[in-house]
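In: Show me how the following folds:
(chains A and B)
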There are 2 protein chains.
Amino acid sequence: MKLLYQYSRISEKDINTLAQSLIPYNNHLKQVEKNGGYEHDESSINLPSDEALLDNVRKMIEKKSVEKIKYFIVIGIGGSNLGTKAIYDALLGYFDILEPERFSKIIFFDTTHALFAKHFTQFVDAQLNSKEDFFVSVISKSGGTVETMVNAEFIFNTLQQKFSDAKDRFILITDENSKLWKQGEKLGIDALSIPEKIGGRFSVFSTVGLFPIAACGLDIEKLRQGAVDMRNKCIGKEIPENPALVSAILLFLNNKAEYTTDDNFIFEPELESVGKWYRQLMGESIGKEKDVEDNVVRAGITPTVSIGSTDLHSVGQLYLGGPHDKFTTFIWAENANNNSGTLGSGTFTELVPEVKGETFLDIKGAIFDGTKIAYQKQEIPFMEVVLDDISEYSLGQFLQFKMIEMMYLGKLFNVNTFDQPHVELYKTETRHILSS
Amino acid sequence: MKLLYQYSRISEKDINTLAQSLIPYNNHLKQVEKNGGYEHDESSINLPSDEALLDNVRKMIEKKSVEKIKYFIVIGIGGSNLGTKAIYDALLGYFDILEPERFSKIIFFDTTHALFAKHFTQFVDAQLNSKEDFFVSVISKSGGTVETMVNAEFIFNTLQQKFSDAKDRFILITDENSKLWKQGEKLGIDALSIPEKIGGRFSVFSTVGLFPIAACGLDIEKLRQGAVDMRNKCIGKEIPENPALVSAILLFLNNKAEYTTDDNFIFEPELESVGKWYRQLMGESIGKEKDVEDNVVRAGITPTVSIGSTDLHSVGQLYLGGPHDKFTTFIWAENANNNSGTLGSGTFTELVPEVKGETFLDIKGAIFDGTKIAYQKQEIPFMEVVLDDISEYSLGQFLQFKMIEMMYLGKLFNVNTFDQPHVELYKTETRHILSS
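Out: Numbers count the residues shown, from 1 in each chain, chains lettered A, B, ... in the order given. Predicted coordinates:
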């Protein structure tokens, strides 16, 4: 993975100055890694090298014999499913429509949805023939997430009606000693734990992400290896070899200069859900009313996700012609699949003669390069994240890079990166309404 | 459909003043409708009552006997597929994962994607057994859209290899006399035309949207009726009964007050693609470097799409705690499906006792109402669009409402609502790269 930032509008001098200010925090991250364990807010950096964690996941995968399932059902919302969905969609899910007979497929239940639930009842009836056809994970750190518990109840009851002892096909992923954990103990439903200090948006390399991803046959060891290698760069290296540090500084300084939006313009459509994972990471970590000294600052960068070349035909006009209020992170992969052969002059390509002799990848590259030149000419600042390819290893790198970037970025904004106090506002109101 | 705007931050007096200034334009819209035909930029308002158009679509549907197809393949990008995808996903596509045996399903090809193309080759091999199993529409106004022509070439050749005369299963949807139109005449591929003045983002009620939607068995007459009824309100009524006029004014005045983003916070997950359709409509129509007098203004509102309750667990913290730079349009449906029964106190719901005795819809309602109260308390301005339900008729209403809203909004910003000059910037660079 590479970070390119020649057109970021920010000088090397300014980058260096801010990097100096982050040395103490960088040392803190090194210490967190050296100590190991899960005592600190930043301890998620220790997940990808936690061998006991890997062992627990592996043993549970074996115990539950999930290799032959057709459907894996993930019940969880926010940090409990966004990382899993990011990886699944990138490597498998985006192609599901073209592969109706590839299994296992993941079905995600996040919000409560009456019609989706109704369709699920019919789905169980028509598609699930034995207990070996499915597996369900119920994921909630606190064990008290309304949408997750309601969906879990509905799915549990629906499956119990058709299959005896359907609970064997459930696993709970939750904080040790949460009320959900205790319910599992009481009822004999297996569980995997999440370390208390690991918040949802930093949990993709915990049991939360590893179990479903492994259950779908994807390689979690490569995912972890990518994360470990990237962590070592992002806490061990100085600029410019530390992409998380540089990228955090670019986002911060552009935001201070009124580039209030960070558009993640991804030129690999199957990474759209990776973009949505990042939306939560940035939105919850930096969007804060108060700084750590309790001053009202209303900090925040608005993360958006755009897909190339699709969105050039949608919001491209706005980005190129409209207000200069966006700092763009282009994201693409260097070694994407390219076995389509070169195009000739046929029925349809005859009408666009410039494509003759080009491959699918050449065309994508020309559109992307054309876009970057247009951005430069319009003086719209951007950086580029270049993945080696789209694989478990590269995704492990990217997700880890962005989580450590966010830690530096929170430090620069002087906010608490790890809390989300305002989420309570609507939850409190909702509870009032439900109780009255 | 209802528009509620008590918490929009804008006074009735300010709404009335701006509405006065739009009376001449309102009269112009009435005239466009009275004259009929497709001479004006605004002529898309005449599409839903064009009986000849409906007749052409119906006859082609009959001629091609699409009733028994399994897969409808839409090749098109931007305005050529976003409207179709909005309607398909809302009524069918969102549930596809739970209905593997419901046909026909739409497969969308927008950008060029080598790996997706590779999977398509395998898909044709494994899933398509006869020419009656599929149908393909190639949609490009100009007939010169690179991605669309490249995808069409690839899909055409792939299908021709397996099925003789596969071209009978193709239709071209394009401007009469475009180079694609002429190619169709030369090669004997059927075509349906788009009126020249109808731009992509205003074309959902033309052949562009009607043909694929009808081919999937959805009711295009109800869709059209919704659009006609809404048009009559949005050009025939004064405020407050004219939702397009009011909504345009609210968006404009909030933007002038530094609410630079319009967050479309949709509490019906199956409408996410409707949000993406609107992103293009607003992005391309209002995001303009120059006003109609050629002054550099860099106008634009950034449209974002959020999904409730899902995104409360993602960007909710940012929206409630972060910068006050977003004007929110909540979108939801009043009579959504609600046959899940009431929840008891079970294995999982025991852990969230406040849901006892509630239905899925009650819970969704409580979360939504809780969110609105939290927005009010934080003084975050919003309006609400309340659909009657999620049906062809309601979608026809909504899409028409937003297209006419955009015409008023362009007038208020004093920009040309109907062009997209900056899209040429990257296209020119791309052509240079491909030709060199």
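In: so is residue A:265 in a helix, a strand, or just coil?
Out: Applying DSSP: H, G, I helix; E, B strand; the rest coil to residue A:265 yields a three-state assignment of strand.
In: Apart from its neighbours in sequence, what residue is nearest it?
Out: Nearest residue to residue A:265, sequence neighbours excluded (Cβ to Cβ, 6 or more residues apart in numbering or on different chains): residue A:306, at 4.5 Å. All C-beta atoms are positioned from the backbone trio N, CA, C, and that covers glycine.
In: And for residue A:396?
Out: Closest residue to residue A:396 apart from its sequence neighbours, by Cβ to Cβ, 6+ apart: residue A:226 at 2.6 Å.
In: do residue A:83 as well
Out: Counting by Cβ to Cβ, 6+ apart, residue A:83 lies nearest to residue A:204, which is 2.9 Å off, once chain neighbours are set aside.
In: thinking again about what came up before, list the helices and strands the helix or strand hosting the residue nearest to residue A:265 packs on?
Out: When elements are assigned from DSSP states H and E, residue A:306 belongs to strand A:302-307. On a contact count with 3 or more Cβ pairs under 8 Å, 6 or more residues apart in numbering or on different chains; DSSP states H and E, strand A:302-307 meets strand A:261-266, helix A:272-286, strand B:302-307.
In: which helices and strands does the second one pack with?
Out: In this structure, helix A:272-286 makes packing contacts with helix A:82-91, strand A:261-266, strand A:302-307, helix A:392-413, helix B:316-321, judged by 3+ Cβ pairs under 8 Å, 6+ apart.
In: same thing but at 10 Å, please
Out: Packing partners of helix A:272-286 (3 or more Cβ pairs under 10 Å, 6 or more residues apart in numbering or on different chains; DSSP states H and E): helix A:82-91, helix A:243-256, strand A:261-266, strand A:302-307, strand A:326-333, helix A:392-413, strand B:302-307, helix B:316-321.
In: Deepest-packed of those, please.
Out: For those, the largest average neighbour count (mean count of other Cβ atoms under 10 Å in any protein chain shown) is found in helix B:316-321, namely a mean of 27.
In: Next, the contact list for the residue nearest to residue A:396, please.
Out: Contacts for residue A:226 were tallied using Cβ atoms under 10 Å, 6 or more residues apart in numbering or on different chains; they are A:1, A:48, A:387-388, A:391-401.
In: Going by distance to chain B, which of those wins?
Out: residue A:391 (12.1 Å; Cβ to the nearest Cβ).
In: who touches that closest one in this structure?
Out: With Cβ under 10 Å, 6+ apart, residue A:391 has these contacts: A:90, A:91, A:218, A:219, A:222, A:223, A:226, A:333, A:335, A:397.
In: need those in JSON lines with pLDDT, can you?
Out: Output for these, formatted as JSON lines (pLDDT from 0 to 100):
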{"residue": "A:90", "pLDDT": "98"}
{"residue": "A:91", "pLDDT": "98"}
{"residue": "A:218", "pLDDT": "97"}
{"residue": "A:219", "pLDDT": "98"}
{"residue": "A:222", "pLDDT": "98"}
{"residue": "A:223", "pLDDT": "98"}
{"residue": "A:226", "pLDDT": "98"}
{"residue": "A:333", "pLDDT": "96"}
{"residue": "A:335", "pLDDT": "80"}
{"residue": "A:397", "pLDDT": "98"}
